[in-house]
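Q: Fold the following for me, if possible:
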Amino acid sequence: MKFTKEWLDVHLRTNKNESQIVQKLNSIGLEVEKVEPIKNHLSDFIVAKIIKTNKHPNADRLKLCDVDIGQKETIKVVCGAPNAKDGLLTVYAPPGSIIPKNGMKLEISKIRGETSYGMLCSESELKISNESEGIIDLNEKFKSKIGKSFFNDKRGKNVIELSITPNRPDCLGVRGIARDLSACNFGKLKQIKTSKIKKNTKHSLKIKIEKNKKQACSIFGSCTIKNIKNTESPGWLKNRILALGLRPISAVVDITNYVMFDLNRPLHAYDLDKIKNKITVRNSKKGEILKALDNKSYLLNENMCVIADDQGLLGLGGIIGGTRSGTEMSTKNLLLESAYFDPAITRKTSKKLDLNSDAKFRFERGIDPKSVLAGLESAVELIVKICGGEVSKFDIQETKKFRSSEFKFDPKLVSKTIGTNIKTKEIIKILTKLGFVIKIKGKLLNVKVPTWRPDIFGEIDLVEEIIRIIGFEKIKSIEPEKKRTKPTLNFFQKHFHLAQRSIASKGYLETITWSFTDEKMNSKFREKLESIKILNPISSDLNVLRNSLYPNLIFYLEKNLNRGFGDQALFEIGPVFKGKKPGQQNTVICGIKKQFLDDQNSLKKNDLIDVFHIKKDLVQSLIELGIGKDDFKVGSNTPSYYHPGISGSIVSKYENFILGYFGALHPKIIPNTFGFEIFLENLVEYKTKNTKIKKSLTFSDYQKSERDFAFLVNKNTKAQDLTDVILNINKDLIKKIKIFDVYEGENIPSGKKSIALKVTIQSDHKTLNENDLTKISEKIVTTVEEKTSAKLRS
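A: Numbers count the residues shown, from 1 in each chain. The predicted model follows:
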């Protein structure tokens, strides 16, 4: 569906510009497929006359044409069109012009040895129709325009093209588009003003709709207009027809096309003098042939709707007219048709005949059956105004009455559907502007659907209309209300299941083992806890309640290793027991890992993971369980079953909750194996007591700088002691600290070690200059030396 902003202004009083209108059309579901400028280069195409045609000396199908283009001398053009002949008025494209169909720029060229200065154009090449069998044949009216532009470039700036969905046939007319824009407060819909035309003459033609079983036509409106002077359309009408991509033909044809695109009301004009006796709207007989206005003949099947007179077929109902009754510039008397044809039958006929037209496109989607009279009035007014003539009384033949559907609508359904409260007053206003007739019946609305909206069947369709006009972007996103009689999972249980997913995501396989274990193995992990013996064990090696998850995990780790599975990463979540009494147990998350870094890489096949890998798994899981990275610190106190030099503890900075342990397991228990433990009760208790809201993560827009420092410290000094001191100097500027080297050996005094750190410095408010960086660097050095007795290495 194409139109221009200028055309839209005929129906809509608006102060919105073209860009705003395009944006709004998209938001209300009328998709704008493209906005195309009306090219200025169309003025290059001029009216010309073929003075003489000669046979091309080197090609049987080509002609050499002497063409008058309004200059002193004629020009030579090589042309292959079969209808090129002496005296033909046509359209000439000079060298340098761009052909609209393919974007080709014309140049002077030789065709079979003869020079051609431009080309003579067909309608398809100028994109004004699909006709491509010959060059344009203009009528004698164009004789006075030889040498002048064929197109009038004062047509407007852009053509807006919409992709109309099948459920919105009402928007296949400019007025329907204007109505939707009016409903969303983009202007006021103008009333259609028609002047009262005198209808003094009688309708001289008898018209009958046969009551066939599958009759597609249920309304046939018509009138006669006599003594007209069919002429060329005025400029404004030509411009609108050209904007549609159609070719202006004559005032009568252009008016019927204009009304179809303006009001979505297809019409057809017959030459009254070519009709014999009467018109009958009937079903076709098998074998009948219609020679249509597209210059093709169609063999009809039974039960296709045709318009016929006593002599034969005049047209195919709702699809295309026939050549026998077509209007010409010489036509004096008209029969104007405005009818309604069934969508399904029209579509079926067009598919069988493989025949498309703008009228068929509208009828098959379902146009307004009550627009028959309005279409006649609009077309008659324009024809009389441009061509003159005497109008007969309108004759409306009907075999079926169309009534608007009505139903009750609950305004509360809108808020129930979209979750946003819309006032009833606003709902009534929107629906009224869209053409619905509303009557208030208590808390409900009685809605009468306009006949131009065949897509509205019930309440939910009205909800869709209201949402569409209000704008989907204005509907707030609201989470659905969750009503439960009691929580499905409590705080502890949620962390239990979250921990399962967190550890599993790091490549660990979950195991579920007995709560019993072997007493000998358990003794290596129970520390100071008492051994809880089972009086009647199910097995001699499952004779105590476990004080740790490690014994069973190690048992299955070794079992898998013995079966050839070299890489192992297992975890379990379950209870460990501190005493015999009920409640003397804790839930622990325990992981154990024995893996090579890359068993597929021959260069690294003997490189095992180290303590930092297991520490990373533990820390990442704690963060995923809701412990902030600034809420804990790494300690060195660990149980005896960990390697004393390759292990650590994770302790909360506040209240010193032990959240977990990590490190290499003692080599006397199992060599080259790493593990971690998380104490779920401690973690949940800590989170319950510390409910502070996490700060949102922000990133600075300013440049960051990095400075390296190497400090000489006592051998027992932890790197974390240095990082804690540095971070507390200025948390706003010091964003990150990374330890990249720890060194003991040559040039390092006995009992000392070197710790090298990379400090990232960045401001959230400005770019730090060299002076700022020097100050903070000096502050780092002096503070570290004061608080840790460290010395900056030179």
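Q: if I look at the residue lying closest to residue 411 once chain neighbours are set aside, how far off is residue 415?
A: Of all residues not flanking residue 411 in the chain, residue 424 sits nearest, at 4.4 Å (C-beta to C-beta, 6 or more residues apart in numbering). All C-beta atoms are positioned from the backbone trio N, CA, C, and that covers glycine. Noted for residue 424: a distance of 10 Å to residue 415, by C-beta to C-beta, to the nearest Å.
Q: okay, now the residue nearest to residue 411: neighbour count?
A: Neighbours of residue 424 under the rule other C-beta atoms under 10 Å: 15.
Q: thinking it is in contact with residue 413, fair?
A: No - in this structure, residue 424 is not within contact of residue 413 by C-beta atoms under 8 Å, at 11.3 Å.
Q: For my notes, confirm residue 469 occurs in a helix.
A: Yes - Residue 469: assigned to a helix according to DSSP: H, G, I helix; E, B strand; the rest coil.
Q: wait, what's in contact with it?
A: Under the criterion of C-beta atoms under 8 Å, 6 or more residues apart in numbering, the neighbours of residue 469 are 28, 180, 183, 184, 430, 434.
Q: can you tell me which of those are in helices?
A: Applying DSSP state H to these, the entries found in helices are 180, 183, 430.
Q: How are the strands of the stretch 301-450 of the chain distributed by residue range?
A: 305-309, 312-316, 320-321, 334-341, 390-391, 395-398, 406-409, 437-441, 444-448 (DSSP state E, counting those that start in this stretch).
Q: May I see the ones in helices among the contacts of residue 469 arranged in JSON lines, with distance to residue 316 and neighbour count as well?
A: Listed next are the ones in helices among the contacts of residue 469 as JSON lines, based on distance: C-beta to C-beta, whole Å; neighbours: other C-beta atoms under 10 Å:
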{"residue": "180", "distance to residue 316": "32", "neighbour count": "24"}
{"residue": "183", "distance to residue 316": "36", "neighbour count": "22"}
{"residue": "430", "distance to residue 316": "40", "neighbour count": "21"}
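Q: measure the residue nearest to residue 411 to residue 478 for me?
A: Distance from residue 424 to residue 478, counting by C-beta to C-beta: 21 Å.
Q: Same question for residue 360.
A: The gap separating residue 360 from residue 478 is 45 Å, by C-beta to C-beta.
Q: Tell me which of the two has more neighbours.
A: Using other C-beta under 10 Å, the more surrounded residue of residue 360 and residue 478 is residue 360, with 22 against 9.
Q: count of residues packed around the spatially closest residue to the more buried one that is not a sequence neighbour?
A: Excluding its sequence neighbours, the residue lying closest to residue 360 (C-beta to C-beta, 6+ apart) is residue 319, at 4.5 Å. Look at residue 319: counted by other C-beta under 10 Å, it has 28 neighbours.
Q: hmm, back to that, can I get the ones in helices among the contacts of residue 469 in a markdown table including distance to residue 785 and pLDDT?
A: Converted to a markdown table, the ones in helices among the contacts of residue 469 look like this (distance: C-beta to C-beta, whole Å; pLDDT from 0 to 100):
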| residue | distance to residue 785 | pLDDT |
| --- | --- | --- |
| 180 | 76 | 94 |
| 183 | 76 | 93 |
| 430 | 75 | 94 |
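Q: And the pLDDT at the residue nearest to residue 411?
A: In the predicted model, residue 424 carries a pLDDT score of 92.
Q: so which helix or strand takes in residue 464?
A: Take DSSP states H and E as the rule and residue 464 turns out to sit in helix 459-470.
Q: so where is the stretch 501-650 of the chain shaky, pLDDT-wise?
A: 596-607 (pLDDT under 70).
Q: just for the chain, where's the confidence low?
A: Within the chain, the stretches with pLDDT under 70 are 38-41, 152-156, 484-487, 596-607, 691-697.
Q: Show me which helix runs longest in it.
A: The chain, longest helix under DSSP H: helix 770-788.
Q: Beyond that helix, next helix or strand please.
A: Moving toward the C-terminus from helix 770-788, the next helix or strand (DSSP H and E) is strand 791-792.
Q: Give the other helices and strands that that next one contacts.
A: strand 705-714, helix 770-788 (3 or more C-beta pairs under 8 Å, 6 or more residues apart in numbering; DSSP states H and E).
Q: count of neighbours near residue 225?
A: Residue 225 has 25 nearby residues by other C-beta under 10 Å.
Q: Shouldn't it be within a strand?
A: Yes - according to three-state DSSP, residue 225 belongs to a strand.
Q: ok, now which ones touch it?
A: Here residue 225 is in contact with 333, 334, 336, 380, 383, 384, 387, 389, 390, 391, 392 (C-beta under 8 Å, 6+ apart).
Q: Let me see the contact set for the first one.
A: So the one you mean is residue 333. Residue 333 neighbours (C-beta under 8 Å, 6+ apart): 224, 225, 226, 227, 228, 271, 272, 273.
Q: Which parts of the stretch 501-650 of the chain are helices?
A: 519-522, 550-562, 611-624 (DSSP state H, counting those that start in this stretch).
Q: for the second one, packing partners?
A: Spelled out, that is helix 550-562. Helix 550-562 packs on strand 516-517, helix 519-522, strand 568-577, strand 585-594, going by 3+ C-beta pairs under 8 Å, 6+ apart.
Q: List the buried residues of it.
A: Going by neighbour count (16 or more other C-beta atoms under 10 Å), the buried part of helix 550-562 is 550, 551, 552, 553, 554, 557, 560.
Q: tell me the two of the contacts of residue 225 that are most distant?
A: Greatest spatial distance in the contacts of residue 225: 387 and 392, 15.2 Å, computed using C-beta to C-beta.
Q: if we can go back for a sec, using JSON lines, please lay out the helices and strands packed on helix 550-562 together with distance to residue 610 and mean neighbour count.
A: Below are those laid out as JSON lines (distance: least, C-beta to C-beta, whole Å; neighbours: other C-beta atoms under 10 Å):
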{"stretch": "strand 516-517", "distance to residue 610": "28", "mean neighbour count": "22"}
{"stretch": "helix 519-522", "distance to residue 610": "25", "mean neighbour count": "18"}
{"stretch": "strand 568-577", "distance to residue 610": "14", "mean neighbour count": "20"}
{"stretch": "strand 585-594", "distance to residue 610": "11", "mean neighbour count": "21"}
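Q: Export those to CSV and append columns for distance to residue 207.
A: Listed next are these as CSV, based on distance: least, C-beta to C-beta, whole Å:
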stretch, distance to residue 207
strand 516-517, 100
helix 519-522, 105
strand 568-577, 87
strand 585-594, 89
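Q: closest one to residue 307 among the ones you listed?
A: Between residue 307 and the helices and strands packed on helix 550-562, the tightest spacing by C-beta to C-beta is seen for strand 568-577, at 82.6 Å.
Q: Cool, thanks, signing off.
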